[in-house]
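Student: Quick one: sequence plus predicted model below, questions after.
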Amino acid sequence: DQQVKQNSPSLSVQEGRISILNCDYTNSMFDYFLWYKKYPAEGPTFLISISSIKDKNEDGRFTVFLNKSAKHLSLHIVPSQPGDSAVYFCAASTQGGSEKLVFGKGMKLTVNP
Amino acid sequence: NAGVTQTPKFRVLKTGQSMTLLCAQDMNHEYMYWYRQDPGMGLRLIHYSVGEGTTAKGEVPDGYNVSRLKKQNFLLGLESAAPSQTSVYFCASSYPGTSRYEQYFGPGTRLTVT
């Protein structure tokens, strides 16, 4: 059973507009959430994270929102740039222990010039 | 600082052959992980290690073995490769107790088993 779900496999937006990537989770024990970005033929790179004690975290053009009651988080990219075109993975973890991450299947974002 | 490196980058194996994938990190990280990425499946944890000399199973450990004899190295072994193990393998490392739970990934090894 998939614990972290990214239900939309792809998203296409125009340069300068907002990109919204969604992620749902089922395990209520998750208390830390991360977004990773992956370009072809490269390893994933960390983008932004949020603890369950917060509902929003912002870093430049990237903002992550967390709705614990709905077990839902979203990544907003404003404004979107062609260089943002990549596959984005949502991941979740529980504090303590091995800090293992559970990843979603990923979403391919394409930002058109 | 090279970060996380993986060797080899590409490999083609015949069914039944064995091989070892090497992961090395120069960040003095305690934790290391092996993932596989398959189309439409995201990244799935194979095995992980929370310190030198310790290893544990992840979500999809069958058909793989690992060893962490040195803190900076984490080896993934396939004793008898099967076509189902055709995948891209990523190694990652992290330093426990930081505020971000960030894992640093290597560039990946693309393995094809024929």
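Tutor: It's in. Residues are numbered from 1 along each chain as shown, chains lettered A, B, ... in the order given.
Student: can you pull the pLDDT of residue 64?
Tutor: Picked chain A for this. For A:Val64, the pLDDT comes out at 98.
Student: should've been chain B
Tutor: Looking at B:Tyr64, the pLDDT reads 98.
Student: cool, and B:Gln85?
Tutor: 97.
Student: Now do the same contact list for it.
Tutor: For B:Gln85, the contact set (C-beta atoms under 8 Å, 6 or more residues apart in numbering or on different chains) comprises B:Gly63, B:Leu78, B:Leu111, B:Val113. Any C-beta I mention is one placed from the backbone N, CA and C, and that applies to glycine too.
Student: Could I have the buried ones of these as ChimeraX selection syntax?
Tutor: If you want just the buried ones from the contacts of B:Gln85 in ChimeraX, going by 16 or more other C-beta atoms under 10 Å in any protein chain shown, the selection is:
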select /B:78,111,113
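Student: Contacts only, for the spatially closest residue to A:Asp1 that is not a sequence neighbour.
Tutor: The shortest distance from A:Asp1 to any non-neighbouring residue, by C-beta to C-beta, 6 or more residues apart in numbering or on different chains, is to A:Thr26 (7.2 Å). For A:Thr26, the contact set (C-beta under 8 Å, 6+ apart) comprises A:Asp1, A:Gln2, A:Gln3, A:Val4, A:Lys5, A:Lys71.
Student: farthest pair in the contacts of B:Gln85?
Tutor: Spatially, the most separated pair among these is B:Gly63 and B:Leu111, at 12.0 Å (C-beta to C-beta).
Student: count of residues packed around residue 107?
Tutor: Defaulting to chain A. Each residue near A:Met107 was counted by other C-beta atoms under 10 Å in any protein chain shown, and the total is 21.
Student: Let me rephrase: I mean chain B.
Tutor: By other C-beta under 10 Å, 15 other residues sit near B:Pro107.
Student: Surely it is in contact with B:Thr7?
Tutor: No: using C-beta atoms under 8 Å, B:Pro107 is not in contact with B:Thr7; the gap is 10.1 Å.
Student: circling back to that earlier point, show the buried residues in the contacts of A:Thr26.
Tutor: Neighbour counting by 16+ other C-beta under 10 Å classes A:Val4, A:Lys5, A:Lys71 among the contacts of A:Thr26 as buried.
Student: Grab the nearest non-local neighbour of the first one.
Tutor: Right, A:Val4. A:Gly104 is the one closest to A:Val4 (C-beta to C-beta, 6+ apart), at 4.3 Å.
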